[in-house]
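Colleague: Quick one: sequence and predicted model below, then my questions.
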Amino acid sequence: MSLDFDVFVVDPKPIPSTVPGFEDAVGPATWPPSTSTLISDDDGALLVDCLATEREGRKLAAWVKSHDREPGYVYITHPHADHFLGLPEILAAFPEARPVALAESIPAMEEQISPGYMQVWGGFFPGQLTSRPVAPAPLAGTTVPVGGSAATLIPVGTTDTGHSSVVHVPGLSLVVSGDAVYNQTHMWLRRSTPDSRASWARALDAVAALEADTLIAGHRNPRAADDDARRQIGECRRYLADFEAALERSSAPAELIDRMTTAYPGLANPYTLWVAAYDLFGTGT
Ligand SMILES: [Zn+2]
């Protein structure tokens with residue numbers, strides 16, 4: 001069996017800014033750069049997450065086809081629709097593939113594709129989203145086949161949303177982290193609380209305990225040096241701690257933004273930081 005993996009990457013994409021002053025200070029608002037990972041062996045494949053827009057879904061499907069492996073399953077790591085609105089395009093190309101997620105995460109995924117939420121997502125990506133979104137089906141248990149092999153799903157609780165999970169493939173010393181770990185990209189902390197940030201830190205401990213060498217983050221800076229798991233987990237731990245301290249010392253969004261931007265000048269998607277800052281001080285978005 002030749003177990004292997006490959007990563008499909010999409011660059012940051014423009015979205016309408018809802019944060020005062022962002023475009024003047026930084027430039028166009030963007031959605032973070034995102035990834036989808038194909039894990040395969042000689043007998044088949046598992047696709048992990050499948051992006052947001054119809055165009056991305058189509059390009060991802062063509063990329064999967066180029067690997068000459070049929071994905072038996074598509075696993076969705078967490079209930080954020082930008083990681084599974086591409087599903088109809090994947091299922092159109094691979095009708096046999098079964099979209100699945102941890103049973104506990106399904107209600108939140110169904111909520112994400114309700115008409116109200118789809119209107120919100122459509123505001124980010126006008127005219128670019130499927131009109132027939134699909135939620136995955138609940139998985140019995142915590143493993144999913146990869147051809148003749150298997151991947152283990154690790155529930156990690158609340159990270160940037162509830163019911164998050166990561167995919168562990170011990171044979172590749174690989175973790176596919178969804179949003180539990182970010183690679184050189186501002187972490188989504190809008191609507192976060194001290195409790196949710198503490199939970200995210202515990203999730204990082206749970207991922208670290210897997211002792212994988214390679215980690216593919218759901219949001220990866222195109223300029224990130226590598227996919228080293230320990231570096232990324234360490235950087236995310238530090239980001240959360242620094243954010244907590246900077247939030248404590250700040251009394252307005254601009255102060256928090258300044259502190260974090262000074263500490264993290266090179267991270268992808270500063271818009272994520274601005275959205276969190278204005279939200280947490282109750283002054284916008
Ligand atoms: Zn995400």
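Modeller: Right, received. Where do you want to start?
Colleague: mind listing what the closest residue to the ion within the chain touches?
Modeller: Closest approach between the chain and the ion, counting by Cβ to the ion: residue 179, at 4.2 Å. Where you see a C-beta, it was placed from the backbone N, CA and C, and this is true even at glycine. The contact partners of residue 179, by Cβ atoms under 8 Å, 6 or more residues apart in numbering, come to 77-78, 80, 83, 159-161, 164, 188, 218-219.
Colleague: again, only this time at 10 Å
Modeller: For residue 179, the contact set (Cβ atoms under 10 Å, 6 or more residues apart in numbering) comprises 32, 34, 49, 77-80, 82-83, 156, 159-161, 164, 166, 187-188, 200, 203, 217-219.
Colleague: and those near the ion, which?
Modeller: 80, 218 (Cβ under 5 Å from the ion).
Colleague: List the ones among the contacts of residue 179 that fall in helices.
Modeller: Among those, the ones falling in helices (DSSP state H) are 200, 203.
Colleague: Return a selection command, for use in ChimeraX, containing the buried ones of the contacts of residue 179.
Modeller: A single ChimeraX command selects the buried members of the contacts of residue 179 (16 or more other Cβ atoms under 10 Å):
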select :32,34,49,77,78,79,80,82,83,156,159,160,161,164,166,187,188,200,203,217,218,219
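Colleague: what about stretch 63-75, start to end distance?
Modeller: In stretch 63-75, first residue to last residue: 17 Å (Cα to Cα, to the nearest Å).
Colleague: Stretch 28-37 now?
Modeller: 28 Å.
Colleague: Give me the mean pLDDT for the helix or strand harbouring residue 277.
Modeller: Taking DSSP states H and E as the criterion, residue 277 maps to helix 270-280. Per-residue pLDDT over helix 270-280 has a mean of 97.
Colleague: That one close to the ion?
Modeller: No - using Cβ under 5 Å from the ion, helix 270-280 stays clear of the ion, with a minimum separation of 9.7 Å.
Colleague: Kindly report the residues of the stretch 1-150 of the chain close to the ion.
Modeller: For the stretch 1-150 of the chain, the contact set with the ion under Cβ under 5 Å from the ion comprises residue 80.
Colleague: Could you pull out the helices in the stretch 1-150 of the chain for me?
Modeller: For the stretch 1-150 of the chain, the helices defined by DSSP state H, counting those that start in this stretch cover 22-25, 54-65, 87-93, 106-112, 115-124.
Colleague: What are the buried residues along the second one?
Modeller: It stands for helix 54-65. Residues 54-61, 63-64 are the ones in helix 54-65 that count as buried (16+ other Cβ under 10 Å).
Colleague: Can you list the neighbours in contact with that helix?
Modeller: Identification of contacts with helix 54-65 by Cβ under 10 Å, 6+ apart yields 6-10, 13, 34, 36, 38, 40, 45, 47, 49-51, 53, 70-71, 74, 82, 84-94, 97, 125, 127-131.
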